[in-house]
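Q: coords please:
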Amino acid sequence: MLPIAQTSVVAHLRKLYADNRIPHALLLAGPEGCGKMAIALDFARLLLCETPQHDGTDGQTQPCGHCHGCAMSRTLAHPDLHFVFPTIKSTSSTRSVSDMWLKEWREMLLETPYFDLAMWEERMGIANQQPQIFADESEAILRKVSLVSAQGGYKIVIIWLPELMNEACANKMLKLLEEPPQQTLFLLCSNQPERIITTIRSRTQRIDVKVIPEADIAAALEQERGLSAPDAARIAHIAAGSYTRALRQISVSNEEREFLDMFILLMRKCYLRDIKEMHAWSEQLSSWGRERQKAFLEYAQRLVRENFVYNFRLPQLNYLTQEEEAFSTNFARFINERNVIGISEELALAQRDIMQNVNPRMVFFDFALKMIVLLIQ
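A: The predicted structure follows:
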């Protein structure tokens, strides 16, 4: 799948190729769902193509799509194309490297290059572990790029979410980026580049990737997913520049529906000051896996923001699903300038505590009790 709407970034990369000015490390930085992985894969295909073609219509060099290199790149099986991504520690091994999850990774990428960490966690079957890029990964990369290119051209390493490298891995990667092997390109795809250690960022050439315009998301949904124009336009608006979120909205997952139900349940019990039921609510959430708890708190923060904005009665500023909007019709008035910051801060603190492995029963019940006071302000 070609990158959606990111023509200027694609053109810039192809010009680097045409001018033979490709750096050893590129940092594609931008919000989730803007197409960084699609851009990285598109550029990798060009570099691995055996007979690239010059397109007279736009003056750019493109992969031919027919050679052996293009065929291998298309199935993500090219021997000179390597992937690094967050993983978890396997119970059957003390090591944890991306190659252990390569089958699941390729399957997901072949379906769509537009995905997020939650989708990848589902593929790995994560319960309570937080994925990261471990120190073993840097040693595996070094072994791969130290070998002679299998096809005599570039060796490409695509690193997804480099901000999730642990400290040991980041320090080892720094040495590799300082003295990379000949004809080796590192493509880093980052949602939060500020979280990457400064010394690594300084050794990359950064390219900022912007959110995708609504019109382009809508057009892609019509062409790629067969949606009607009105449905595509509505989902594109909710997506807020992220094609990943648009794909999620096509068929709202059971998990997201449950998140909304749990949020509604808590708000009702807090309004009624039903402490017993609030405790039961906390117990139910504490039985979820830690990654799912984090996802719920992130969802709740978004819903609070959307309900606050809903009060301005400007539909173009809201990004709610039909189910969420039906709830907000009556609930939005309880989120106002006196409590929106307080509620958002408490949700953020709860998320931080969950990430730091604080007892979830304490975290969620404490938040529920504080909501009683915040809702009446």
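
Q: which SSE is immediately downstream of the helix or strand of the chain with the lowest mean pLDDT?
A: One helix or strand of the chain scores below all others by mean pLDDT, DSSP states H and E: strand 53-54, with a mean of 82. Once the chain leaves strand 53-54, the next helix or strand it forms, by DSSP states H and E, is strand 61-62.

Q: so what touches the lengthiest helix in the chain?
A: Secondary structure assigned by DSSP state H gives helix 290-310 as the longest helix of the chain. Contact partners of helix 290-310, identified using Cβ atoms under 8 Å, 6 or more residues apart in numbering, comprise 118, 121, 126-130, 255-256, 259-260, 262-263, 285-286, 288, 317-320, 324-325, 328, 331-332, 334-336, 340, 343-344, 347-348, 350-351, 354-355, 357, 360, 364. Glycine gets a C-beta too; all of them are placed from N, C-alpha and C.

Q: go again with 7 Å.
A: Counting contacts by Cβ atoms under 7 Å, 6 or more residues apart in numbering, the residues outside helix 290-310 that touch it are 118, 121, 126, 128, 130, 259, 262-263, 285, 317-320, 324, 328, 331-332, 335, 340, 343-344, 347-348, 350-351, 354-355, 360.

Q: all the helices of the stretch 251-377 of the chain, in order from the start?
A: Assigned by DSSP state H, counting those that start in this stretch, the stretch 251-377 of the chain shows helices spanning 254-272, 275-286, 290-310, 322-331, 340-355, 360-375.

Q: what's around Cys169, how many residues?
A: Cys169 has 21 neighbouring residues, counting by other Cβ atoms under 10 Å.

Q: equivalent analysis for Glu222, please.
A: 16.

Q: so the spatially closest residue to it that is not a sequence neighbour: helix, strand or coil?
A: Nearest non-adjacent residue to Glu222, counting by Cβ to Cβ, 6 or more residues apart in numbering: Ala232, 4.8 Å away. When classified by DSSP: H, G, I helix; E, B strand; the rest coil, Ala232 comes out as helix.

Q: start at 51 instead
A: I'll keep to 51 as the first residue from here, and by that count the last item is Ala282.

Q: what lines up beside the least confident helix or strand of the chain in the sheet?
A: strand 111-112 (antiparallel) (DSSP bridges).

Q: quick revisit: can you flag the buried ones in the contacts of helix 340-360?
A: 168, 171, 176, 309, 312-313, 335, 368-370, 374, 378, 381-382, 385, 390, 393-394, 397, 400-401, 404, 410 (16 or more other Cβ atoms under 10 Å).

Q: Met288: what's it in contact with?
A: You called it Met, but residue 288 is Ile. Gln299, Tyr369, Leu370, Thr371.

Q: could you redo the last one with a cut-off of 6 Å?
A: Contact analysis of Ile288 by Cβ atoms under 6 Å, 6 or more residues apart in numbering lists Gln299, Tyr369.

Q: that one is in what secondary structure piece?
A: helix 279-289.

Q: now do the longest helix of the chain, average pLDDT.
A: For helix 340-360, mean pLDDT rounds to 93.

Q: how far off centre is that helix?
A: Offset of helix 340-360 from its chain centre (Cα atoms, centre = their mean, to the nearest Å): 16 Å.

Q: quote the end-to-end distance of stretch 115-128.
A: 14 Å (Cα to Cα, to the nearest Å).

Q: what comes up buried for that stretch?
A: By 16+ other Cβ under 10 Å, the buried positions in stretch 115-128 come out as Gly119, Cys120, Met122, Ser123, Leu126, His128.

Q: now do stretch 256-271
A: Ile257, Val259, Val261, Ile262, Glu264, Asp266, Ile267, Ala268, Ala269, Ala270, Leu271.

Q: and what of stretch 223-236?
A: Met223, Leu224, Leu226, Leu227, Pro230, Gln233, Thr234, Leu235, Phe236.

Q: of these, which pair is most distant in space?
A: Farthest-apart pair in the buried residues of stretch 223-236 is Leu224 and Gln233; separation 20.4 Å (Cβ to Cβ).

Q: let me have the helices of the stretch 301-427 of the chain in CSV, extended by distance to Ala79.
A: CSV is the format used below for the helices of the stretch 301-427 of the chain (distance: least, Cβ to Cβ, whole Å):
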stretch, distance to Ala79
helix 304-322, 27
helix 325-336, 33
helix 340-360, 21
helix 372-381, 30
helix 390-405, 23
helix 410-425, 32
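
Q: about what we covered before: ok and the helix holding Ile288 relative to helix 340-360, angle-wise?
A: Here helix 279-289 points in a direction 110 degrees away from that of helix 340-360 (axes from the mean of the first three to the mean of the last three Cα atoms, to 10 degrees).

Q: so where is the stretch 51-200 of the chain shaky, pLDDT-wise?
A: 105-109, 141-143, 177-178 (pLDDT under 70).

Q: which parts of it are strands?
A: 75-79, 103-104, 111-112, 131-134 (DSSP state E, counting those that start in this stretch).

Q: turn those into CSV, including mean neighbour count and distance to Ile54.
A: Below are the strands of the stretch 51-200 of the chain laid out as CSV (neighbours: other Cβ atoms under 10 Å; distance: least, Cβ to Cβ, whole Å):
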stretch, mean neighbour count, distance to Ile54
strand 75-79, 22, 14
strand 103-104, 12, 22
strand 111-112, 16, 17
strand 131-134, 22, 21
